[in-house]
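A.B. asks: Here is a sequence with its predicted model. Questions after.
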Amino acid sequence: MAKSGSSFSVSAVPVTVFAHLLVISIAALTLVWLLKFRGGFAFNSEFHKAKIFNLHPLLMTLGFLLFSGEAIIVYKTIPAARKWQKLVHLILHFIALAAGIVGVYAVFKFHNESNIPNMYTLHSWIGLSTICLFAFQWLLGFFSFWYPRAEPMRRARMLPWHAFFGMLIFLMTIVTVETGLTQKFIFQRLLRSQEALIINFTGLLILLFGMSVGLIVILPRRV
Ligand code: HEM
Ligand code: HEM
């Protein structure tokens with residue numbers, strides 16, 4: 001994507017290694033936070049409704065955010081034919097979407113069973129818009145680039161818009177996760193504590209992950 005005649009002179013490879021280290025760290029920190037400090041997970045629970053809520057950050061971070069980030073960078077991380085890269089791209093996005101839908105269902109379930117109103121925060125508004133746009137982008141991407149596929153001219157015209165809206169939705173995902181972490185922090189009145197440090201550090205690594213994915217997309221696979 002660099003302007004003709006100019007170049008970044010750096011390949012995407014070192015940044016993909018960094019992004020993968022971030023993925024491992026974000027996943028580990030999220031699990032430690034939810035298992036050690038928040039009491040783990042349950043889909044149904046009579047007395048520990050918070051365990052139902054915990055499925056929300058788990059599925060949204062480990063499932064939705066990390067899988068969609070990995071899906072975007074497959075064109076730089078998988079050294080295979082474009083057809084296989086596309087297949088992995090669409091499968092990873094599908095896993096992200098499935099996790100996202102179950103994760104949002106879990107927080108609605110938690111709210112309804114605990115008599116908490118729905119959709120009253122900026123986080124929930126941006127979050128629900130993100131999931132809806134993501135599902136739409138997936139369907140449009142699938143029908144245009146995989147099956148039955150649009151004709152070549154139309155595909156070529158759609159591709160830059162697909163990449164642009166894909167990055168926009170990914171940006172919205174980062175914003176939603178960051179606002180989700182922040183409001184959880186405030187709801188729990190955490191102030192200075194080990195848990196507070198874990199949540200803030202996770203948020204910081206998530207920001208770095210977003211920046212890395214953005215950089216990987218614009219860097220060439222080889223210089
Ligand atoms: C992209 C990822 C995420 C999406 C799409 C998302 C979406 C949503 C939606 C739609 C709601 C509203 C549920 C309702 O009104 O019944 C909600 C609630 C909530 N989410 Fe998230 N969420 C995401 C990530 C997170 C994360 C990582 C946390 C961290 C703990 C979090 C914390 C919360 C909290 C505390 C609520 C309840 C308060 C509220 O309605 O805003 N979310 N989320
Ligand atoms: C919500 C789901 C999706 C999102 C967020 C998304 C996002 C993206 C992004 C950001 C890029 C640019 C990557 C780069 O330039 O390195 C891209 C490229 C691409 N995506 Fe998707 N995508 C989604 C679903 C799909 C689906 C279902 C297909 C069907 C096969 C697809 C096919 C493609 C193709 C063919 C490219 C071009 C790769 C290239 O430039 O060689 N995408 N996508």
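C.D. replies: Received it, and whenever you're ready, just let me know what you need. Ligands and ions are numbered 1, 2, ... in the order given.

A.B. asks: so what does the lengthiest helix in the chain touch, helix or strand wise?
C.D. replies: Using DSSP state H to assign secondary structure, the helix with the most residues in the chain is helix 152-187. With contacts defined as 3 or more C-beta pairs under 8 Å, 6 or more residues apart in numbering; DSSP states H and E, helix 152-187 has these neighbours: helix 49-58, helix 66-77, helix 122-145, helix 194-218. Yep, even glycine has a C-beta here, placed from its N, CA and C like the rest.

A.B. asks: can you tell me if that helix touches ligand 2.
C.D. replies: Yes. Helix 152-187 reaches ligand 2 (C-beta under 6 Å from any ligand atom) through Leu159, His162, Ala163, Gly166, Met167, Ile169.

A.B. asks: Please point out which parts of that helix sit buried.
C.D. replies: For helix 152-187, the neighbour count (16 or more other C-beta atoms under 10 Å) marks 165-167, 169-170, 172-181, 184-185 as buried.

A.B. asks: Same check on stretch 87-97?
C.D. replies: Residues of stretch 87-97 classed as buried: Val88, His89, Leu90, Leu92, His93, Ile95, Ala96, Leu97 (neighbour count, 16+ other C-beta under 10 Å).

A.B. asks: In contact with the residue most central in space within the chain, which residues?
C.D. replies: For the chain, the residue nearest the mean C-alpha position is Leu65 (1.6 Å; C-alpha atoms, centre = their mean). Taking C-beta atoms under 8 Å, 6 or more residues apart in numbering as the definition of contact, the neighbours of Leu65 are Ile26, Ala96, Thr173, Ile174, Val177, Ile206, Phe209.

A.B. asks: out of these, who's nearest Ile218?
C.D. replies: Proximity of those to Ile218 was ranked by C-beta to C-beta; the top entry is Phe209 with 15.7 Å.

A.B. asks: ok, the buried residues of stretch 87-97 vs Pro117, which is closest?
C.D. replies: If you rank these by distance to Pro117 using C-beta to C-beta, Leu97 comes first, at 26.1 Å.
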